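Engineer: based on what follows, work out the 3D shape:
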Amino acid sequence: MKWSVIVIPSLEDAQLTPILRLGAGACAGIIAMSATYPMDMVRGRLTVQTDQSPRRYRGIFHALSTVLREEGPRALYKGWLPSVIGVVPYVGLNFAVYESLKDWLIKSKPYGLVDSSELSVTTKLACGAAAGTVGQTVAYPLDVIRRRMQMVGWKDAASVVTGDGKTKAPIDYTGMVDAFRKTVRHEGIGALYKGLIPNSVKVVPSIAIAFVTYELVKDILQVEFRISD
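Structural biologist: This next block holds a predicted model:
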């Protein structure tokens, strides 16, 4: 068999509206999130274990086997719905804000920040940070509800969620709306934003770096390689 490499010139990116960018980013996020959700659910439980909570999970595989054995396969997808809904403002807004802000800077060149059709790495980082801030802030309440729904079925998880180490009543949510209602009623609207600042310190820079890396890889891969016989 004879192998050859066909080089296909790259095509110019089609002009996408913010709505199309939002939809494309959201679809990509939903697929990726759904594929890895059981690991995220387990990570959530491992993360919130404290001295006041039962030390039930020794690691990832022990947590997975314990949840499957005691709560069933569906338990690995608790909180999936608010996660899917949250993907739209989170991933979608990240892409939409980043690309739209980048286009605006190139076209408008405000305050002399941009003097060519190519943005600097620093400017791209700033665009990514702005996009991450918007997406993170809008979607964060859904992330809080997702984490709380992941705790349902975990013995004595109520003391972990509320952080007081004293609550003995089991957490019981009939669904996403019920989780929102009970959280706001018992703890106030501010509970939906618990941990926003420390989470943003981690998420916003990572999103900025991810977008810059994405741009650099696009610049490097100017051609597509395909192997044919």
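Engineer: okay but Thr123 is in contact with Ile106, surely?
Structural biologist: No - with contact defined as Cβ atoms under 8 Å, Thr123 and Ile106 do not form a contacting pair (9.7 Å). C-beta coordinates here come from the backbone N, C-alpha and C atoms, glycine included.
Engineer: so those two - more neighbours on which side?
Structural biologist: Thr123 (17 against 14; other Cβ atoms under 10 Å).
Engineer: okay, helices next: where are they in the protein?
Structural biologist: For the chain, the helices defined by DSSP state H occupy 18-48, 60-71, 80-87, 93-108, 121-150, 157-162, 176-187, 196-220.
Engineer: flag the shaky bits of the protein, pLDDT-wise.
Structural biologist: 1-16, 18, 21-22, 50-55, 111-117, 153-171, 222-229 (pLDDT under 70).
Engineer: hmm, 50 instead?
Structural biologist: Low-confidence segments of the chain, defined by pLDDT under 50, span residues 1-12, 163, 165, 167-168, 223-229.
Engineer: for Tyr57, grab phi and psi.
Structural biologist: Phi and psi for Tyr57, reported as degrees, to the nearest 10, are phi -110, psi 120.
Engineer: wait, it touches Gln49, no?
Structural biologist: Yes - with contact taken as Cβ under 8 Å, Tyr57 and Gln49 are classed as touching, separated by 6.6 Å.
Engineer: who has more neighbours out of these two?
Structural biologist: A count of neighbours by other Cβ under 10 Å puts Tyr57 above the other of Tyr57 and Gln49, at 19 against 16.
Engineer: got the contact list for that one?
Structural biologist: For Tyr57, the contacting residues are Val42, Arg45, Leu46, Gln49, Ala63, Thr66, by Cβ atoms under 8 Å, 6 or more residues apart in numbering.
Engineer: again with Asp143
Structural biologist: Asp143 sits next to Pro82, Ser83, Gly86, Tyr90, Asn199 when contact means Cβ under 8 Å, 6+ apart.
Engineer: which among those residues count as buried?
Structural biologist: The neighbour-count criterion (16 or more other Cβ atoms under 10 Å) marks Pro82, Ser83, Gly86, Tyr90 among the contacts of Asp143 as buried.
Engineer: wait, which of those residues is closest to Pro38?
Structural biologist: The shortest distance between Pro38 and any of those, using Cβ to Cβ, involves Ser83 and amounts to 11.8 Å.
Engineer: and the gap between that closest one and Val144?
Structural biologist: Distance of Ser83 to Val144, computed by Cβ to Cβ, to the nearest Å: 12 Å.
Engineer: then Ser34?
Structural biologist: 20 Å.
Engineer: closest one of the buried ones among the contacts of Asp143 to Arg185?
Structural biologist: So of those, ranked by how close each gets to Arg185 (Cβ to Cβ), first place is Pro82, at 17.4 Å.
Engineer: isn't the closest one up against Met149?
Structural biologist: Yes - under the criterion of Cβ under 8 Å, Pro82 is in contact with Met149, at a separation of 6.9 Å.
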